[in-house]
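# Would you be able to build a 3D model of this:
(chains A and B)
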Amino acid sequence: MAKLVRITLDGVVAVARLHEESAPETVRRFWAALPVEATLRHVRWSGEAGYILISKLADKTQPIENMVSFYPPAGVAFRPEHGEMAFCYGQAQARDHAHPAAWACHLGTLEGDAGAFLAKVKATCAEGGKPIRLAREEER
Amino acid sequence: MKKIEIEVGGVVAEAELVEDRAPRTTASFWDALPLTARLTHTKWSGRAAEFTVERLRSVTGLEHRVCSIYPGTLIARPDKGEVLVAYGAAEYRSVLGVEYGTRIARLVRNQAAMLAVLDRMHDEGDKTITIRRIG
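Alright, predicted model coming up:
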């Protein structure tokens, strides 16, 4: 049964399927931490994506599962060392001020037509931070 | 030394152009003044904001090349017609990776207040920047 997460960003809803087979420990920890409420802001180093910080999931010792450097569009990426979760709407990569290229866990992928949600993510660059809520959708 | 006045979000600061190190780029920038432009947060370069100055595209090549952009520093990429101003840790980068830009100016008055208003763009979004000649 796949784990699905319902993501509500400034009134717009999307659903992400978690990649439990390829990132079992990261998914387990994230699933246990739900629901999460935060402010989504645009990334400053990583390109076309928005991000939240989930401080209770920050762990520099956690291995990065299902490793990617470039974020796939409509992908949900997680960097355990920062507790940073990114939602990608275009070209993006795991980066920060100390690392022109880093690694992240490809934690999940948005399902269906996520265009309206990704447009909201993109809008955070021009409009600033927006409220976001992540909650368990269901297991199926 | 040529000086300019920069206004963002009601905050006014003063900067000096680095004419001796970047004579062609600063001259083109000076000729573009006064200007009012949309100021957006960078997506790849860290704690910095950027705006467009189309006139700079006539400048060929880089002068006084830098990668790191120190807080309160303005750098230009003439080929892209863009200028960045940093408020914290920043480095000129694009989707391709680390690149160079031309350092053209540095804030010399009311720097702290200007850096604070630029920092708030991460939460508040785009602002308008106005730059005028002094003297």
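# Run through the residues of chain A sitting next to chain B.
Proximity of chain A to chain B (Cβ under 8 Å from any Cβ of the partner chain) is limited to residues A:39, A:41-48, A:91, A:93, A:95, A:97, A:100-101, A:124-129. Placement of C-beta: from N, CA and C, glycine included.
# I'd like to know which of those residues are buried.
A:41-48, A:93, A:95, A:97, A:124-125, A:128-129 (16 or more other Cβ atoms under 10 Å in any protein chain shown).
# Could I get the buried residue list for the helix or strand harbouring residue B:36?
Using DSSP states H and E, the element containing residue B:36 is strand B:35-41. Buried residues in strand B:35-41, counting neighbours by 16+ other Cβ under 10 Å, are found at B:35, B:37, B:39, B:40, B:41.
# Put the alpha carbons of whichever helix or strand comes after it into CSV.
Beyond strand B:35-41 on the C-terminal side, the first helix or strand identified by DSSP H and E is strand B:46-52. What follows is strand B:46-52, C-alpha atoms only, in CSV (Å, rounded to 0.1, in the frame of the first residue of the first chain):
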residue,chain,number,x,y,z
GLY,B,46,22.0,33.0,-2.2
ARG,B,47,21.2,36.0,-0.1
ALA,B,48,20.9,38.6,-2.8
ALA,B,49,18.3,40.4,-4.9
GLU,B,50,18.5,41.2,-8.6
PHE,B,51,17.2,43.7,-11.1
THR,B,52,17.5,44.3,-14.9
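# pLDDT of strand B:46-52, averaged?
Confidence for strand B:46-52, expressed as mean pLDDT, is 98.
# got it, and stretch A:87-100?
On average, stretch A:87-100 scores 96.
# re earlier: same for the strand holding residue B:36, what does it pack against?
If contacts are counted by 3 or more Cβ pairs under 8 Å, 6 or more residues apart in numbering or on different chains; DSSP states H and E, strand B:35-41 sits against helix A:115-127, strand B:46-52, helix B:121-124, strand B:127-134.
# Give the partner strands of it in its sheet and their orientations.
Partners of strand B:35-41 in the sheet, by DSSP bridges, are strand B:46-52 (antiparallel), strand B:127-134 (antiparallel).
# if we look at the last one, which residues are touching it?
For strand B:127-134, contacts defined as Cβ atoms under 8 Å, 6 or more residues apart in numbering or on different chains pick out B:2-9, B:14, B:30, B:33-39, B:49, B:51, B:117, B:121.
# buried sites along it?
By neighbour count with 16+ other Cβ under 10 Å, strand B:127-134 contains the buried residues B:127, B:129, B:131.
# all helices for the chain, in order.
In the absence of a named chain, chain A is used. Per DSSP state H, chain A carries helices over the ranges A:24-33, A:115-127.
# look at chain B instead
Applying DSSP H to chain B gives helices spanning B:23-31, B:111-119, B:121-124.
# Which among the ones you listed is found nearest to residue B:71?
helix B:111-119 (5.7 Å; Cβ to Cβ).
# Using neighbour counts, pick out the buried residues of that closest one.
Here helix B:111-119 shows B:111, B:113, B:114, B:115, B:117, B:118, B:119 as buried, counting by 16+ other Cβ under 10 Å.
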